[in-house]
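Peer 1: Next one to model:
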Amino acid sequence: MRPEEEDKILRQVRRMKGPIPDKIANKPHLGIGLYFYYDSFFELGTDRTVNNSIGQIPYSSILMYCKYYKFDYEETSDFLYLIRKIDSAYIEYMSKKNELSRASKKTTKKS
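Peer 2: This next block holds a predicted model:
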């Protein structure tokens, strides 16, 4: 969840005097140096193709991002590795989430 989305939810919770949602209260905390990768992942995610399933962030988009920020060879290699790992985990998570959603819809249609 992006920080601005979290802030919006927290303002609503305070206004309504409700409990803090579990996904915010128990969110993982990133080390200071990792926020750049976190933000970069979401920026690059806008380049992915979405049809019946979620596609990977294009390799060319990641390379252009590295060139824009003038990364050297080692920084580019590290960035590619990390973004690919994050992207793979995200795709796996979203696939499982979509499967559960489809299974839930089938169950409710049968009822």
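Peer 1: Give me the three-state assignment for the closest residue to Ile24 other than its chain neighbours.
Peer 2: Computed as Cβ to Cβ, 6 or more residues apart in numbering, the closest residue to Ile24 that is not its neighbour in sequence is Glu6, at 5.8 Å. (Glycine included, C-beta is placed from N, CA and C.) Under DSSP: H, G, I helix; E, B strand; the rest coil, Glu6 falls in the helix class.
Peer 1: Show the pLDDT at Glu6.
Peer 2: Glu6 is assigned 87 on the pLDDT scale.
Peer 1: before we move on, what about the one 5 residues further on?
Peer 2: The confidence metric pLDDT takes the value 94 at Arg11.
Peer 1: just Lys109 next, same as before
Peer 2: With respect to pLDDT, Lys109 has a value of 64.
Peer 1: Going by neighbour count, list what's buried in the longest helix seen in the chain.
Peer 2: With secondary structure taken from DSSP state H, the chain has its longest helix at helix 73-110. Neighbour counts over helix 73-110 (16 or more other Cβ atoms under 10 Å) mark 76, 79-80, 83, 86-87, 90-91 as buried.
Peer 1: Distance of the residue nearest to Ile24 relative to Gln12?
Peer 2: To Gln12, Glu6 is 11 Å away according to Cβ to Cβ, to the nearest Å.
Peer 1: Settle it for me: which of these two has more neighbours?
Peer 2: Shown here are Glu6 and Gln12; by other Cβ atoms under 10 Å, Glu6 has more neighbours (14 against 11).
Peer 1: my read: that one touches Ala25, true?
Peer 2: No. If you go by Cβ atoms under 8 Å, Glu6 and Ala25 don't touch, sitting 10.9 Å apart.
Peer 1: In this structure, where is pLDDT below threshold?
Peer 2: Low-confidence segments of the chain (pLDDT under 70): 108-111.
Peer 1: how is it carved up into domains?
Peer 2: Domains of the chain are assigned by automatic domain parsing as 1-30, 32-110.
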